[in-house]
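> Here you go, sequence then predicted model.
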Amino acid sequence: MIKFEKRKSTSKLFKTSAPFLAVLLALITAGFILLFAGVNPIKAYSGMLQESLGSAFGISETLLKSTPLILTGLGVSLAFRMKLWNIGADGQLHIGAIGATWVALYSGLQGVFMLPAMFLASFIMGGLWAGVAGVLKAKIRVNEIIVTLLMNYIAISIVSFLVYGPWKDPNGHNFPLTAQFADFARLTSFFNTRLNTGFLLAIVLVFIMYILMEKTLWGYEIKVIGNNQNAAKYAGIKIDRSIIGVLFLSGALAGVAGFSEVAGVQFRLQEGVSSGYGYTAIIVAWLAGRSAIGVLVVSIIMSIILVGGDSLQILMQLPVAFVNLFQGLILFFILASEFFIANKPVLLRSKQ
């Protein structure tokens, strides 16, 4: 008989390697499923790598896809550090996209002031959207998981209302989308690809968050609160204020992802502005171990899977559900690895 006991200590090597072992096991499991579907998993995986990394275009698309993952992953990771579950990054991305779109189309700004104003609007609106959950959590202890999750659907519905209603482009042939942004409301692209300065913005924010979380007193306080709230109270740390601040910044980062999508990729607001980036960000944050630099690395790895997954649909005639299957398996094995990091199996000898 086997039972599990809490580990007294866990080696740093095991903590670091466990998430990556979880990804490997997820890919092996997915490989068996591909076999049952009549697809050679080695051929499938090599096709994914070729699609995402085998050409300049593939690399640019991979980095482009990683941009919203980095930004939403940073936001979710920040909340996780304080043991807060921000499940609403997708909704915060949508609200950030709304803020950026309003500035681009209706603020009357022009020239060099446009993009900074769009960034600021997305940052503030994403932060305020998540801040609702922060206030409810801090003041009346409402579960932030429920609040942030349900607010996703509200944000998506607001986007639908706007693109079908007051913001619908009268020259858009009745499609549910806004008018296109002017050139000065668009991020600069590189090398005749879709990759744009949104990726550079994400890199800059990674290093800002690294400094903020690892090198400042506020970052240390967040870590203390996440590890032991009683110790944080004893040390005089204002927990309620920190909860609101962390969720605001978490949502603000996700909101910037909305700015990068509408200003750098779509050049307008429309339904489907996010391809589930906020949910994939949960996997990114777990794999990254709540590290800002880790978020950067893992986001690129996840975007390789997402971009490479397109080849499964085109070359292998597999449904898009297989990409979702990969993500689900990765999350499942990551959660399992977290359990084994904290617990160890013990074999009990049966009494004769």
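Thanks, I have it.

> can you pull the contacts of residue 269?
Taking CB atoms under 8 Å, 6 or more residues apart in numbering as the criterion, residue 269 is in contact with 97-98, 101, 159, 162-163, 167, 177-178, 262. (Glycine included, C-beta is placed from N, CA and C.)

> if you set the cut-off to 6 Å instead, what comes out?
For residue 269, the residues meeting the contact criterion (CB atoms under 6 Å, 6 or more residues apart in numbering) are 97, 101, 178, 262.

> Could you do residue 114 as well?
With contacts defined as CB under 6 Å, 6+ apart, residue 114 is in contact with 184-185.

> So the residue nearest the centre of the chain versus residue 87, what's the distance?
Nearest to the geometric centre of the chain sits residue 281, at 2.5 Å (CA atoms, centre = their mean). When CB to CB, to the nearest Å is the yardstick, residue 281 and residue 87 sit 10 Å from each other.

> what ranges of this protein fall below the confidence cut-off?
Along the chain, segments meeting pLDDT under 70 span 1, 348-352.

> Do a quick rundown of the strands in it.
With DSSP state E, the ranges of strands along the chain come out as 2-6, 343-347.

> out of these, deepest packed?
Using mean count of other CB atoms under 10 Å, the stretch among these with the greatest mean number of neighbours is strand 343-347 (a mean of 10).

> which residue packs closest to the residue nearest to the centre of the chain, ignoring adjacent ones?
With CB to CB, 6 or more residues apart in numbering as the criterion, residue 281 has its nearest non-adjacent residue at 3.7 Å, and that residue is residue 72.

> ok, the one you found touching residue 279?
No. Under the contact definition of CB atoms under 6 Å, residue 72 does not touch residue 279, with a separation of 9.0 Å.

> Neighbour count for these two, which is higher?
Under the criterion of other CB atoms under 10 Å, the comparison of residue 72 against residue 279 puts residue 72 first, with 37 against 19.

> For the more buried one, give its distance to residue 254.
Here the criterion is CB to CB. By it, residue 72 lies 5 Å from residue 254.

> Spell out which residues are contacts of both of those two.
Residues touching both residue 72 and residue 254 comprise residue 89, with contact defined as CB under 6 Å, 6+ apart.

> Can you list the buried residues in stretch 149-159?
For stretch 149-159, the neighbour count (16 or more other CB atoms under 10 Å) marks 149, 151-152, 155-156, 159 as buried.

> Revised request: answer the last question for stretch 277-296.
Buried residues in stretch 277-296, counted by 16+ other CB under 10 Å: 277-292, 294-296.

> With stretch 264-278 instead?
Judged by neighbour count using 16+ other CB under 10 Å, the buried positions of stretch 264-278 are 264-270, 273-274, 277-278.

> And stretch 330-349, by the same measure?
Buried residues in stretch 330-349, counted by 16+ other CB under 10 Å: 330-331, 333-334, 337, 340.

> What about residue 300, how many residues nearby?
Residue 300, neighbours per other CB under 10 Å, totals 17.

> With adjacent residues omitted, what lies nearest to it?
For residue 300, the closest residue by CB to CB, 6+ apart turns out to be residue 66, at 4.8 Å.

> Identify the residues contacting that neighbour.
If a contact means CB under 6 Å, 6+ apart, then residue 66 has 299-300, 303 as its contacts.

> Need these in TSV (columns: distance to residue 172).
Formatted as TSV, the contacts of residue 66 follow (distance: CB to CB, whole Å):
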residue	distance to residue 172
299	32
300	34
303	30
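
> what about stretch 320-329, distance to the chain center?
With CA atoms, centre = their mean, to the nearest Å as the basis, the distance from the averaged C-alpha position of stretch 320-329 to the chain average is 16 Å.

> Pull out the buried residues from that stretch.
Buried residues in stretch 320-329, counted by 16+ other CB under 10 Å: 322-323, 325-327, 329.

> Can you show me the helices along the stretch 101-250 of the chain?
114-140, 144-164, 197-215, 217-227, 229-234, 239-261 (DSSP state H, counting those that start in this stretch).

> and the longest one, which residues are buried?
Buried positions in helix 114-140, judged by neighbour count with 16+ other CB under 10 Å: 114-115, 117-138.

> and the angle from it to helix 197-215?
Counting by axes from the mean of the first three to the mean of the last three CA atoms, to 10 degrees, helix 114-140 lies at 40 degrees to helix 197-215.

> Between helix 239-261 and helix 114-140, find me the angle.
Orientation of helix 114-140 against helix 239-261 (the same axes, to 10 degrees) gives an angle of 150 degrees.

> try the second one
Between the axis of helix 144-164 and that of helix 239-261 there is an angle of 30 degrees, by the same axes, to 10 degrees.

> Who are the packing partners of helix 144-164?
The criterion is 3 or more CB pairs under 6 Å, 6 or more residues apart in numbering; DSSP states H and E, and the helices and strands that helix 144-164 contacts are helix 89-106, helix 114-140.

> How far does it sit from its chain's centre?
Taking the mean C-alpha point of helix 144-164 and that of its whole chain, the gap between them comes to 16 Å (CA atoms, centre = their mean).

> contacting residues around that helix?
Residues from elsewhere that reach helix 144-164 (CB under 6 Å, 6+ apart): 84-88, 90-91, 94-95, 133, 136-137, 176-177, 270-271.

> Tell me if I'm right that residue 78 and residue 250 touch.
Yes. Under the criterion of CB under 6 Å, residue 78 makes contact with residue 250 at 4.9 Å.
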